[in-house]
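1. dropping a prediction and its sequence here:
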Amino acid sequence: MKYADIKAMGNEELDAKILETKKDLMELRFQAANKQIKNHREIPNIKKDIARMKTAKRQRELENK
């Protein structure tokens, strides 16, 4: 997910997307533990997406102060 796409999201939409992405990460971790995952590079990519979304959320909080 690109940062420009994240910045275009609203606050509620961003919160929902963070929760959805965390659930996806949890499912991938279970698949990795059971050796069912095909592409192991998905896990770090999803972690980076979550970090980007949290960064955008924090920047909005700081701008509104």
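-> Yep, that arrived. Numbers count the residues shown, from 1 in each chain.

2. tell me which helix or strand comes right after the lowest-mean-pLDDT helix or strand in the chain.
-> Scoring the helices and strands of the chain by mean pLDDT, DSSP states H and E places helix 3-8 at the bottom, with a mean of 92. Using DSSP states H and E, the helix or strand that follows helix 3-8 in sequence is helix 11-33.

3. for that following helix, packing partners?
-> Secondary-structure packing of helix 11-33 (3 or more CB pairs under 8 Å, 6 or more residues apart in numbering; DSSP states H and E): helix 42-63. Glycine gets a C-beta too; all of them are placed from N, C-alpha and C.

4. please report the distance of L14 from R41.
-> Using CB to CB, to the nearest Å, we find L14 at a distance of 24 Å from R41.

5. contact partners for the residue nearest the centre of the chain?
-> The residue lying closest to the centre of the chain (CA atoms, centre = their mean) is I50, at 2.6 Å. By CB atoms under 8 Å, 6 or more residues apart in numbering, the residues touching I50 are 18, 21-22, 25.

6. just give me the closest of these to D5.
-> Nearest to D5 among these is T21, at 12.7 Å by CB to CB.

7. A32 contacts R41, correct?
-> No - using CB atoms under 8 Å, A32 is not in contact with R41; the gap is 11.3 Å.

8. out of those two, which sits in the busier spot?
-> Using other CB atoms under 10 Å as the criterion, A32 and R41 rank with A32 on top: 13 against 8.

9. show me what contacts that one?
-> Residues near A32 by CB under 8 Å, 6+ apart: 40, 43.

10. K38 in helix, strand or coil?
-> coil (DSSP: H, G, I helix; E, B strand; the rest coil).

11. what about K35, how many neighbours?
-> 6.

12. let me fix that, I meant to ask about L62.
-> L62: 7 surrounding residues under other CB under 10 Å.

13. mind giving me the packing neighbours of the least confident helix or strand of the chain?
-> helix 42-63.

14. give the buried residues for the helix it packs on.
-> For helix 42-63, the neighbour count (16 or more other CB atoms under 10 Å) marks 43, 46, 49-50, 52-53, 56 as buried.
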